[in-house]
Every structure is written in structure tokens, then in C-alpha cells.
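# my questions concern the predicted model and sequence given below.
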Amino acid sequence: MILEFDIFLEDRCEVRVECDGHVTTAIRGKIDGIQRMPSSIIDHVHSFAAVEKRDVYVLVVSSQDENVVIRDIRLNGTSLMGKPSNLSNACRYPLTTNQYDQEETLLLCQHIASGKKLTMDVMVQKFEKEFAARVGAPYAVMVNSGSSANLLACALLTNFLFSKKLSPGDEVLVPAVCWSTSVWPILQVGLRPVFVDVRPETLNIDEDDLVRKITSRTRALMLVHVMGNCANMDRILKIVESHPMLLIEDTCESLGSIYRNQWLGTFGLCGTYSFYYSHHMTTIEGGMVVCHDPAVHDLLLSLRAHGWTRQCSEATQQQYEKQFPAIDSRYMFYNEGYNVRPMDIQGLLGRIQLRKLEAMNETRVRNYNRFRALIETDPLLSTILRFPQEQEHARAAWFGICLFVTEQYVQHVPSLKKTLTEQSVENRPIITGNFARQPFFQLHPDYKDNTNDSLFPKADLVDQSGLYIGLPCDDWTQEDVVGLVSIFSEFFRFGG
């Protein structure tokens, strides 16, 4: 049996390789090489001893049919193969907690140790098919982030091969409460974002203001499903159909949310999702675009990777090979494109996480409901704090806990945020608050009118009176929930 390894460490670190209790190699710095191990090996141990701190990392593997199987990773004698520690381990209530556990860690290590391809390959393809089937869309294209998913969806709109191609300067409506990369891709492909106010009670786009903002140049709607909730999709679809425009759903914060038994992200031309670390499921970084049209699917595949035909359907590849026989088919570039491909280990993570998505979302909702119940039964807090309303006919997979203070307490929101931070409760504005207030729209000469106070009063209300805190996918203990509520209670009783 041959065990290959390539370990890069700082010079101060020492590497010790043990086999059957015997040290076979002791080298400082970098190891590049092949160690030959007997096939009868039971446990083969790599020990990494950091000289300064004396931390010892041990990788425990065993041989099975001449293959190395990873069994454990230990730090100073303690297994790391259980749930990894939280990113914000100094924070009692972080915005996010680790969503992967022993299964992901083991399989990732085995995939890397096996020598299998790490760049985009079969795992990504399998994950795409499984994800499409889960959400109820015919096609899915994985990318390296949710932001890249939005970029591909917008690039599709202006692509010269797209049958419904938009023109430079065409308008795309987008809610004022959104993330930056709900907007920047619109600008980056030469279109013009037009902000629409929101409904504070749902956090999502105001359908009445949406109708008011439609002009003769309106060609598309970037519909952001905010924090796990959604707008009135029945009405949205009627508006889109009666004022013909293309619908893109930014579902990066709402994976698993349902409207009338249909997954958000599957109503329009394209739906985008994010698998960033803090989202409903994770590939650490990663995203997905889903669609219904095979021609759109091919365009998304080419836009994802250089504009070539390589991952496109067999029919598309044959079409261009026949049309351009002098071009090497392996490097057949028929479209413009980017390189926003994911890695195959992200596809592997995605496949495991997708199986856990429903359970993780159920836990998030359970934590949300327990916290909300205590707030709404508290004599004081129930008069001060408000929660968004779940859209009728929807089942929200809440992204975080969004809270609003009543009007008379708005001036206390900055000090509330400060107190929460001091009490180890990470918090943020609801997405970015009113994105139309961001400096770009005051500095860019074409968008200064977006700062008009009368344009987005409800988005301003969300901005000024709202915040959100983290919602873990592990069950809170009763002590956790009561402790969190008590922080709000003490603030408004004594500090607010």
C-alpha cells in the first residue's frame, strides 16, 4: 500500500509520522513524498507538533483493502470529528454556527486523501441533479457563490444568444431592502436598477409600489425573498404577466421556503441560491441557479465557464462542432463567459448538506418559535418588539430572527445594538437596511435621486427600527432561549 501526502507547514512546526508505534519520519517544515506502509497496518498516525504552543494534531487512518480510510482527527487527544466549534466561539449568540459535522469532515478528508479530482467534476454534477430534483426545477447550475449565481442570471438577460435579450439601459425592478449583489450584477451587465419600496410586515417587496414603478423601459424584476419570507406570489406573477417582464428570484436567504407547495426560486425564469457558511445549508462558499428552459440551461453553463461548449448539452456541442469543424472541440468558445465554477469538494459538501436541509430548517423554525413565544408573552416586551408576518399561503424557512421596535423606541435602536453586542449577541441590520441609502447612490451622478426621503419610507422604517440576530440549526436549550430574552428584557426595563 502506498500513502501519498503533501503537507505544507510553517518552519517552526514539526511533523512526526508514526506507524505501529514507531516513528518513521521526523522532518521540519514541508514534506513532499511517498511513505510505503505495510498492508497489515491498523492505525497510521500523522502527528503535527507545533513547537511554540505544543498543540498536537493527530490524523488517524486505517487500511482497508489497500486503501487508506480516515478514522479520526484529534487535537491534544480530543477528537475533532464531532460538531466543529462555532466560528464565533467567544460569542454566546453568534450570527451563525457550524452546520457540518463528523460525516462531512470524514468524507471531505477521504475525498482529498483519495487523490480524486478537486476541481469541478462528478460531485458537482450529481449535486446539481439532486438539488434540481429537491426544489422542483428541471435544471440547476452550481457556481462559486450566491453572488455569482445572481451575476449569471443577469448576464443571461443581456446575452446576445438569449432569445429575450434586454437592451442597455433597460430597467430592472428590485426591492430597496436587498443585498448588494442583488443590485451590482444589474449594473454590471448594463441594465438600470430601479428600487421599489417594501412592506415592513413581511420585509418583502410592496406590490402596490411595484406597479407604480413600472415604466415603458421596465423589462425585468429581481425579486428578493427576504430572510426566509416572501411577497404575495399570486399577485407578483399576475403583475409580471400583465406587464410582460422577466422574473429572477434571488432566493439566497430563503432556501426551503414554500409558497402554495412550490419552492421559492422556481416561479420565474431563473432562481438563485447561496450556500455561504451562514445560510440554510452550506458548501462554505457556493451558489446555484435553477431554470426550466434547456436553452437557458446551456447558456448558463457556458456563462459559468469561459463561454465554451464543454459542459453544454450534447446537441449544443454537436451544433457548433458541425458549424465550426476547424476548431478543436475541446476549446470551442461560442459565447462570452466568466469562470465562476465551484470545486468538486463543494459539490460533495452540498450533497451531504442537502440531505440534512429539512431537519436543519425545522430546527431553525423551532428555535424561532420558542424565542418569539417568550417575547410575545412577556408583559413588557410584547408591547415593544414586533416580528415580521409569515406571508399568507407560505411556509417560511426563517434565515434569522428579525425584530422591530415600536415607534416610541426607535431612538433606542443604536444603543440596543450596542448592548446586544456587549452581551455577546451578534446582530446586524435587516440585510443592509434601505440599500438605496448606501454611499454609491449618493456618489454616482446617475443615482442621486434614490436618496429622496419620499421614495422609500417603508424601507427606511425597516432600516431605522429593525435588526436581526442569529438563528442556529442546533436546538437552543431552554437556558439559551430564556437567557436571550432576558438580555432584551433588562435593556428595556433599565437601559432603554
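Yes, it's here.

# using CSV, write down the CA coordinates of stretch 241-259.
In CSV, the C-alpha atoms belonging to stretch 241-259 read as follows (Å, rounded to 0.1, in the frame of the first residue of the first chain):
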residue,chain,number,x,y,z
GLU,A,241,-47.6,38.6,-16.8
SER,A,242,-49.7,41.7,-17.3
HIS,A,243,-46.7,44.0,-17.7
PRO,A,244,-44.5,41.5,-19.6
MET,A,245,-41.2,41.3,-17.7
LEU,A,246,-38.8,38.5,-16.9
LEU,A,247,-38.7,37.3,-13.3
ILE,A,248,-35.5,36.4,-11.5
GLU,A,249,-35.8,35.2,-7.9
ASP,A,250,-33.0,35.9,-5.5
THR,A,251,-33.6,33.1,-3.0
CYS,A,252,-30.2,33.3,-1.4
GLU,A,253,-31.8,33.8,2.1
SER,A,254,-34.9,31.6,1.6
LEU,A,255,-33.8,28.1,0.6
GLY,A,256,-36.5,25.7,1.7
SER,A,257,-39.3,28.3,1.9
ILE,A,258,-42.5,27.3,0.2
TYR,A,259,-45.4,29.2,-1.4
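
# next, the buried residues of it.
Neighbour-count burial for stretch 241-259, counted by 16 or more other Cβ atoms under 10 Å, picks out 245-259. Where C-beta positions appear, they are placed from N, C-alpha and C, glycine not excepted.

# is it true that L237 touches T266?
No - using Cβ atoms under 8 Å as the test, L237 is too far from T266 to be in contact (12.0 Å).

# hey, which helix or strand in the chain has the poorest pLDDT?
The weakest-scoring helix or strand in the chain, judged by mean pLDDT, DSSP states H and E, is strand 31-36 (a mean of 33).

# who has more neighbours out of L237 and T266?
T266 (19 against 13; other Cβ atoms under 10 Å).

# shouldn't the more buried one be in contact with V135?
Yes - contact criterion Cβ under 8 Å: T266 and V135 qualify, at 5.7 Å.

# run the chain-centre distance for stretch 311-320.
The chain centre lies 30 Å from the centre of stretch 311-320; the measure is Cα atoms, centre = their mean, to the nearest Å.

# oh, I was asking about stretch 204-217
Stretch 204-217 sits 27 Å away from the centroid of its parent chain (Cα atoms, centre = their mean).

# residues in contact with it?
Stretch 204-217 is contacted from outside by 169-171, 173, 175, 192, 194-199, 221, 223-226, 229-232, 235-236, 239, 243, 245, 391, 458, using Cβ atoms under 8 Å, 6 or more residues apart in numbering.

# mind giving me the PyMOL command for buried ones among these?
Buried members of the contacts of stretch 204-217, defined by 16+ other Cβ under 10 Å, are picked up in PyMOL with:
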select buried, resi 170+171+173+175+192+194+195+196+197+198+199+221+223+224+225+226+229+230+231+232+236+239+245+391+458
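
# among the contacts of stretch 204-217, which lie within strands?
Taking DSSP state E, the ones among the contacts of stretch 204-217 that sit in strands are E171, L173, P175, R192, V194, F195, V196, L221, L223, V224.

# list the residues that contact the last one.
For V224, the residues meeting the contact criterion (Cβ under 8 Å, 6+ apart) are V174, P175, V177, C178, W179, S182, N204, I205, D250, E253.

# and with 6 Å instead?
By Cβ atoms under 6 Å, 6 or more residues apart in numbering, the contact set of V224 is P175, C178, S182, D250.

# for it, give me the pLDDT.
Here the pLDDT value assigned to V224 is 98.

# next one: the fifth one
As predicted, V194 sits at a pLDDT of 96.

# partner residues bridging the residue lying closest to it once chain neighbours are set aside?
Nearest residue to V194 in three dimensions, chain neighbours excluded: E171, at 4.9 Å (Cβ to Cβ, 6 or more residues apart in numbering). Assessed by DSSP bridges, E171 has beta-bridge partners R192, T218.

# might one say that E171 is in contact with A220?
No - applying Cβ atoms under 6 Å, one finds E171 not in contact with A220, separated by 7.9 Å.

# returning to that earlier point: export the ones in strands among the contacts of stretch 204-217 to CSV and append columns for distance to Q323.
Listed next are the ones in strands among the contacts of stretch 204-217 as CSV, based on distance: Cβ to Cβ, whole Å:
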residue, distance to Q323
E171, 35
L173, 38
P175, 42
R192, 35
V194, 39
F195, 43
V196, 43
L221, 35
L223, 37
V224, 39
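
# which one of the contacts of V224 is nearest I469?
C178 (19.8 Å; Cβ to Cβ).

# which residues touch the closest one?
Neighbouring residues of C178 by Cβ under 6 Å, 6+ apart: V224, F435.

# just the one 5 residues further on next, same as before
For V183, the contacting residues are P193, by Cβ under 6 Å, 6+ apart.

# next one: phi and psi at it?
phi -110, psi -50 (degrees, to the nearest 10).
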